[in-house]
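[1] Any chance you can model this:
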Amino acid sequence: MRILIVFVLLLSIAVLLQASSHGEAPGNAAAPQTDVTDVYAFRSYESGRDGFVTFITNFNPRESSYGGPNFYPLSDRHYYEIHVDQTGDGRPEITYQFVFHNELPNNGTGIALNIKGFQMPIALKAAGPISVGDNSALNFLEYYRLNVVTPNGTSAATATGSNGTNYFQKPWDYAGEKTFPDYHNYSRQYIYNVDLPGCATTGSKVFVGQRRESFSINIGKIFDLVNFVPIDGASFPGGINQSSYNNVVYYTNIISIALEVPISCVTSSASPVIGVYATTRSIRGNRQKSRLGNPLINELLIGLKDKDRWSRRNPGSDKNLLKYIMYPTFPAILDLLFRTAINSITGANFATIAPTNFPRNDLVAALLTGVPGLNYLQSGTKLVDLLRLNTSIPVVARGSQNTFGVIEGDAAGYPNGRRPGDDVIDIVLRVALGKLCHLGLGVCSPGQAVVGDQPITDGAPVKDIDFHTQFPYLNDPNPGSGPYYYYGYNATS
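    Reported below is the predicted structural model:
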């Protein structure tokens, strides 16, 4: 019995470690296949594509690149959905729904070898190298269908010029360089041009596949009671220094769903602003498993006892949980951890370094209504967690984007949508400690956020130049055969 108990404890610890990347809720940690870890929504900044908006959702956090033999297929028992809300009421007018189907080749029997006259199915998912245009050695096929769901019904997207083909293939995960001599071009052949029902403008694209983890976070030290001084060391003695080595999830991969749609097909005539969030739902029973709009709300703000409730509710039914945003505990924890040190270093005598404006109308504006004059989108007085994007704000080209987005003058960045190069960890930390109180928005005053103007950071930078210039923007995954050291950023277009 003691051996069994120890085994169960070790297994539980292993599950938690594997899901500790940025799965927001305990229930999600146990089902990483359906865990929405990131949502991006931004005007496409690929040359000539600024008339489109790109949506990216990531799943299955902290994939080890050497994840054989099964690797990381998405579930064929769940819907993966990107929702577009045109009014701010938490009820989507458009849903892009992905449904997956996985099978073995050769009518479900798989690749077989002749062993002493017997045709014996092989045990692995690849029987040899897989090259561009030739996947005959692939022993596991992943397909998906893209549906467009509106109040008028559900219709399938089709491949452009295909006479109605409505199934698309997902590239297999990057097992390594011997299996895939040219994974970059192998995976890019699965970027599809698609025709979307109800969208008169052509040129939409879709891609589903493994990518290098796009999130950047000093996660180990953050959840060790923030085991660093979270102020940029370049301006504060003893603060953390910026280093890519602080991004401990860089070596991992994720599965991404990326969709590029004409702006005219997602906006209404009433407003250029849209609200975006993503969910997963079980096909059988129709139960929502995970949800994400704005990043980090569930991780840093929602109380532990309610994290799973938040994940399983629709944005329009959050009323009873919004107190966590209006009266957040995370700034108070930072105050307990760092007020004494900051007072000692600076010679100040702050009674608290946490903002004192309650309810936190600055967080309400950033996360639940949109910021007036920027991306405000609200139905009546309803407060809804949506990633709001003003599609009329001009694109900022790669190489010129400010990693801190709106709070440093780049209106095309988070919290106006979210681009891959927006450092949402630092942005959310700064907003949580009162950055908006120092921007003259009228939601609070500088005196209510005494450190709100400081360069709060986790020391794990991310920038636009770390990513591709073309759809689907996120980088090729880390190869499964290593070598397992820091590769350095390589965002080849």
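[2] From here on, just use CA atoms for contacts and neighbour counts.
    Will do.
[3] partners of the helix or strand hosting Phe207 in the sheet?
    Element membership of Phe207, judged by DSSP states H and E, is strand 204-212. Paired neighbours of strand 204-212 in the sheet (DSSP bridges): strand 192-195 (antiparallel), strand 253-262 (antiparallel).
[4] Report pLDDT for the nearest residue to Asn357 once chain neighbours are set aside.
    Of all residues not flanking Asn357 in the chain, Gln448 sits nearest, at 5.8 Å (Cα to Cα, 6 or more residues apart in numbering). At Gln448, the model reports a pLDDT of 98.
[5] from the chain's centre, how far out does the longest strand along the chain sit?
    Assignment by DSSP state E gives strand 52-63 as the longest strand of the chain. Remark: strand 52-63 is offset 5 Å from the chain centroid, using Cα atoms, centre = their mean, to the nearest Å.
[6] C-terminal to the strand holding Phe207, what's the next element?
    Using DSSP H and E, the first helix or strand after strand 204-212 is helix 219-222.
[7] next one: that next one to chain centre, how far?
    The chain centre lies 18 Å from the centre of helix 219-222; the measure is Cα atoms, centre = their mean.
[8] what mean pLDDT does that helix have?
    Mean predicted confidence for helix 219-222 is 92.
[9] where does the closest residue to Leu124 other than its chain neighbours sit relative to Leu433, distance-wise?
    Nearest residue to Leu124, sequence neighbours excluded (Cα to Cα, 6+ apart): Pro69, at 6.6 Å. Noted for Pro69: a distance of 45 Å to Leu433, by Cα to Cα, to the nearest Å.
[10] give me phi/psi at Ala270?
    Main-chain dihedrals, Ala270, degrees, to the nearest 10: phi -80, psi -30.
[11] Can you give me the distance of it to Phe168?
    Look at Ala270 and Phe168: by Cα to Cα, they are 34 Å apart.
[12] Mind checking which of Pro69 and Leu433 has more residues around it?
    Set Pro69 next to Leu433 and count neighbours by other Cα atoms under 10 Å: Leu433 wins out with 28 against 11.
[13] is it true that the more buried one touches Thr356?
    No: under the criterion of Cα atoms under 8 Å, Leu433 makes no contact with Thr356, lying 9.7 Å away.
[14] Touching both of these two, which residues are there?
    Common contacts of Leu433 and Thr356, defined by Cα atoms under 8 Å, 6 or more residues apart in numbering, comprise Ala449.
[15] any chance you could map the strands in the stretch 51-200 of the chain?
    52-63, 78-85, 94-103, 112-115, 118-121, 141-150, 153-156, 158-159, 168-170, 192-195 (DSSP state E, counting those that start in this stretch).
[16] Can you say which of the ones you listed is nearest to Ser256?
    strand 52-63 (4.5 Å; Cα to Cα).
[17] Quick check: neighbours of the closest one in the sheet, parallel or antiparallel?
    Note on strand 52-63: by DSSP bridges, its sheet partners are strand 36-43 (antiparallel), strand 253-262 (antiparallel).
[18] Format those strands as a markdown table; extra columns: mean neighbour count.
    As requested, the strands paired with strand 52-63 are arranged in a markdown table below (neighbours: other Cα atoms under 10 Å):
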| stretch | mean neighbour count |
| --- | --- |
| strand 36-43 | 27 |
| strand 253-262 | 25 |
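[19] Pro479: what's it in contact with?
    By Cα under 8 Å, 6+ apart, the residues touching Pro479 are 65-66, 174-177.
[20] So which of the residues you listed sit within helices?
    The members of the contacts of Pro479 all map outside helices under DSSP state H.
[21] out of these, who's nearest Tyr186?
    Nearest to Tyr186 among the contacts of Pro479, with distances taken as Cα to Cα, is Tyr174, at 10.0 Å.
[22] ok, and the closest non-adjacent residue to the closest one?
    Using Cα to Cα, 6+ apart, the closest residue to Tyr174 is Pro479 (5.3 Å).
[23] can I assume the one you found sits in a strand?
    No: using DSSP: H, G, I helix; E, B strand; the rest coil, the secondary structure at Pro479 is coil, not a strand.
[24] Tyr183 versus that one, what's the distance?
    From Pro479 to Tyr183 the distance is 9 Å (Cα to Cα).
[25] Overlap in contacts, those two.
    Overlap of the contact sets of Pro479 and Tyr183 (by Cα under 8 Å, 6+ apart) consists of 174, 177.
[26] Pretty sure Tyr251 sits against Asn478.
    Yes: the pair formed by Tyr251 and Asn478 meets the contact definition of Cα under 8 Å, at 6.8 Å.
[27] from what I can see, Asn343 looks like it's in a helix, true?
    Yes: under three-state DSSP, Asn343 sits within a helix.
[28] And Tyr251 and Asn478? Which one has more around it.
    Using other Cα under 10 Å, the more surrounded residue of Tyr251 and Asn478 is Asn478, with 28 against 20.
[29] need the contact list for the more buried one.
    Counted by Cα under 8 Å, 6+ apart, Asn478 has contacts 65, 174, 211-212, 251-253.
[30] tell me which residues form a beta bridge with Thr57?
    Listed by DSSP bridges, the beta-bridge partners for Thr57 are Val39, Ile257.
[31] Can you name the residues that contact it?
    Residues near Thr57 by Cα under 8 Å, 6+ apart: 36-40, 82, 256-258, 278.
[32] Burial check on the closest residue to Asp76 other than its chain neighbours, number of neighbours?
    Closest residue to Asp76 apart from its sequence neighbours, by Cα to Cα, 6+ apart: Phe100 at 4.7 Å. Counted with other Cα under 10 Å, residues neighbouring Phe100 total 21.
[33] My guess is Phe100 contacts Ser75. True?
    Yes: judged on Cα under 8 Å, Phe100 makes contact with Ser75 at a distance of 6.5 Å.
[34] Phi, psi for Leu368 please.
    Dihedral angles (degrees, to the nearest 10) for Leu368: phi -120, psi -20.
[35] and it, how many neighbours?
    The local packing of Leu368 (other Cα under 10 Å) involves 25 other residues.
[36] Distance of it relative to Tyr40?
    Distance from Leu368 to Tyr40, by Cα to Cα: 17 Å.
[37] For Val53, which non-adjacent residue is spatially closest?
    Spatially, and ignoring its direct neighbours in sequence, Val53 is nearest to Arg43 (4.3 Å; Cα to Cα, 6+ apart).
[38] and that neighbour, what is it in contact with?
    Arg43 makes contact with 50-54, 391, 395, according to Cα under 8 Å, 6+ apart.
[39] Count residues in the vicinity of the residue nearest to Gln454 when sequence neighbours are not counted, would you?
    Distances taken as Cα to Cα, 6+ apart place Ile231 nearest to Gln454, at 7.1 Å, with adjacent residues excluded. Ile231: 24 surrounding residues under other Cα under 10 Å.
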